[in-house]
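[1] Next input, structure requested:
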Amino acid sequence: MTAAGDPNLRHLLARAVAVEQRIRRAVEARQLTDPDPDDAFRGLYLTDENIARLLDESRARAFPYPVPSSAPDPGEAAGSGEAAAERSRLTSLAREFGLTALDVEILLIALVPDLDDRFEAFYGYLNDDVTRRRPSIGLALGLCGLSPADQVARGRLSARAPLREGRLLLAEDLDRPFLSRALRVPDRVTAHLLGDDTPDPRLADLLAPWHAVPGVGDPVPLAGALAHGASLAYLREDQGGAGTALAASALTRAGHRVLGLDLARLAEDPTPAEAVRSLVREARLTGAGVVCAPLDAVSREHPELLRLLTGTPVPTILVGRAPWDAAWSAAPPLLLHAPRVEPSTRAALWTDAYGGPVPGTVDVDRLLSPFLLTPEQITRAARGAAQTTHLDGGTLTPDHVRQGARAQNAAGLDRLARRIEPTVTWNDLVLPPDTHVQLRELTARARHRDRVLGEWGMRPGGGRGRGVSALFAGDSGTGKTMSAEVIAADLGLDLYTVDLATVIDKYVGETEKNLERIFSEAAGVNGVLLFDEADAIFGKRSDVKDAHDRYANVESAYLLQRMESFDGLAILATNLRANLDDAFTRRLDLVIDFPVPDPEQRLVLWERCLGPVLPRGLDLDLAFCAENFELAGGNIRSVAVTSAYLAADTGEPVTMATLIHAIQREYQKLGRLTLASEFGPYLKLLG
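    As a prediction, the model looks like this:
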């Protein structure tokens, strides 16, 4: 676009022509007063003839764009150009940053070398140093007709003055005297004045594409506060909260553009304070507000960054899960709670992002109901499902939806717990009917918790989260871990088994810290959290007889509170239900007992554990094994595997002798006696 077609560019170049005229007069004045005009080394190589030629070229071509033949003097009305000047970016920039007429003139003097390279030679000539091709502070003041000793004028170029504090103008060569320091306009400011809105490359890795999402929360109250001058707000959210989307919607409604800052990336930046200053300048140049998340990434290790962010002159909305600390800001922020994306909205967001037809057999609403996802995660999940669909033939399936949702999990919990991708189903469970029904009820709680506790308002008080917790109690091998895996598979979630070796610590307070890390990481993961052998860390509180008892009780009290505020699905598995504190069981949603299987169930287990592929001898009497050997499902599975190895070693099918030998080995592991009453007629097969 030419200057004639762009009022903003036309106004900027007209002002630049006025600067050119000032420089022309300064060069001509110097030529008239030069005490040694015949010095061939003036400016090292720029002679008066060179400068005269450049001035002649200047008269011939001025700027490479058509501009008015005569530009108005600074401060004079522009006549018919007043409206264009008012709409120009230079005028808007001066208004936003609080620049005076002198500030604007100095900015233009520093800007013109980036608009026309002839000015490099002019400034080299006027500086009497061809290597210094930008105006110095003293030269800029002189071109404005001011004395270098004018303290008011010098103050406009101090580090705290609007030009430099707003990073519109950089003073270089700081080791030189004040008047000799070169002035430079950053490339981003030049590009903005010329009409380019591409963000500063310094921010490329820090900006996040957060945007307004219709139907998520109510942005009207926050937008109204922003429109009436509020500049700082904190949206506290839970897992799956829509804080960033709500903040972007409020800023958009209040008439601002949106700049998203990823605080996790900022925390890893080598010069984060410099990045924040560049971000603030970007927001002021473009009339944007800043959405910063997640606050938790910097609140502990880098609180100074929060103080820097909360002290900016642009609308700033912080989003996080931590409680607000008054030390983070000199001014009190608006404190609000960001809602989750409710079940009624998730499917619509997912379908819009998927961008294609969804088969009627795929119930996206039901599939996403166990997941706590932000609007951005829902969008990424849908796009991930679309990519996977193309790889698998082009037809969307429920597994594609679940895979896309699971892919949004953070990886931090993998360092503290063992992740299991579920491969079993309800048909693989062999349990009493009542136990089976209770497991189904637990799954229903996890799937519909947002509707019941959120939309229907059934959430209890006391700071409790929307989590679901259950206790699986029973002897080893009765199916507790497998049941947790089945629940995870039905919900489409991963199963995370907590390794107690990474939790329990002999030093006071360390166990609580380890558990807090697990719960904190689990808050960013959509999964089922399984604490096996839970009685080791969720034991009964006792009478205080010594310091050890006192700290053990403190640990238990902390765990009681942390379990209540957890928003995920937590399953505690124990072989010793009687060892659990009564306060824990009261706070659990379900307590499910896993009894030792009866003979009928054991027969089913024998059939399934041996499987359809393992070669079997004709003398196998599984009914006898089920009736006489009181083994749990895990033990039966172990016997079946041992039998398979024995058969593989001999090259023969699994016979009754093989099975009896494997049962004897299992009894030895369990420390049980080999009784004739149990083995009956097969006692003679024992080695």
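
[2] which residues of this protein score low on pLDDT?
    1-5, 30-86, 459-465, 499-502, 504-509, 535-560, 579-581, 583-584, 687 (pLDDT under 70).

[3] can I see the domain layout of it?
    3-193, 201-338, 343-408, 426-594, 599-685 (automatic domain parsing).

[4] For the residue positioned nearest the centre of the chain, give me its contacts.
    Closest to where the C-alpha atoms of the chain average out (CA atoms, centre = their mean) is residue 294, at 5.7 Å. By CB atoms under 8 Å, 6 or more residues apart in numbering, the contact set of residue 294 is 263-264, 319-321. C-betas here are computed from N, CA, C, even on glycine.

[5] Output the domains of the chain in TSV, with distance to residue 420 appended to each entry.
    As requested, the domains of the chain are arranged in TSV below (distance: least, CB to CB, whole Å):
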stretch	distance to residue 420
domain 3-193	49
domain 201-338	21
domain 343-408	12
domain 426-594	4
domain 599-685	16
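
[6] Out of these, which is closest to residue 415?
    Of all these, domain 426-594 sits nearest to residue 415, with 7.9 Å by CB to CB.

[7] Just give me how far the closest one sits from the chain centre.
    Distance of domain 426-594 from its chain centroid, counting by CA atoms, centre = their mean, to the nearest Å, is 27 Å.

[8] what are the ranges of the strands in the stretch 151-300 of the chain?
    170-171, 183-184, 207-208, 232-237, 257-262, 288-293 (DSSP state E, counting those that start in this stretch).

[9] neighbours around the closest residue to residue 278 other than its chain neighbours, how many?
    Using CB to CB, 6 or more residues apart in numbering and skipping the chain neighbours, the partner closest in space to residue 278 is residue 202 (4.7 Å). For residue 202, the tally of surrounding residues (other CB atoms under 10 Å) stands at 18.

[10] Now for residue 202: which residues touch it?
    Listed by CB under 8 Å, 6+ apart, the contact set of residue 202 reads 274-275, 278.

[11] Dump the residues you listed to CSV, plus neighbour count and distance to residue 652.
    As requested, these are arranged in CSV below (neighbours: other CB atoms under 10 Å; distance: CB to CB, whole Å):
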residue, neighbour count, distance to residue 652
274, 12, 75
275, 20, 71
278, 20, 75
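
[12] out of those, which one sits closest to residue 456?
    Out of the contacts of residue 202, the member with the shortest distance to residue 456 (by CB to CB) is residue 275, at 44.0 Å.

[13] Could I get the buried residue list for the lengthiest helix in the chain?
    Assignment by DSSP state H gives helix 7-33 as the longest helix of the chain. Going by neighbour count (16 or more other CB atoms under 10 Å), the buried part of helix 7-33 is 7-20, 22-23, 26-27, 30.

[14] Using CSV, write down the CA coordinates of stretch 203-211.
    Taking C-alpha atoms only, stretch 203-211 is exported to CSV below (Å, rounded to 0.1, in the frame of the first residue of the first chain):
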residue,chain,number,x,y,z
LEU,A,203,7.8,-13.4,22.5
ALA,A,204,7.3,-16.1,19.9
ASP,A,205,7.9,-19.0,22.3
LEU,A,206,6.0,-17.4,25.2
LEU,A,207,2.7,-16.4,23.7
ALA,A,208,-0.3,-18.8,24.1
PRO,A,209,-3.3,-18.9,21.6
TRP,A,210,-5.9,-18.3,24.3
HIS,A,211,-9.1,-16.9,22.9
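
[15] 177 is where my numbering starts, stick with that
    Fine by me, first position is 177 from now on; the one you just mentioned is stretch 379-387.

[16] ok, and what's touching it?
    375, 420-421, 423-424, 434-438, 441-442, 445, 451, 454-455, 458, 467, 469, 552.

[17] what about the helices in the stretch 577-726 of the chain?
    Here the stretch 577-726 of the chain has its helices, by DSSP state H, counting those that start in this stretch, at 609-625, 656-667, 686-698, 723-741.

[18] Who are the packing partners of the first one?
    When contacts are defined as 3 or more CB pairs under 8 Å, 6 or more residues apart in numbering; DSSP states H and E, helix 609-625 sits against strand 644-650, helix 656-667, strand 766-770.
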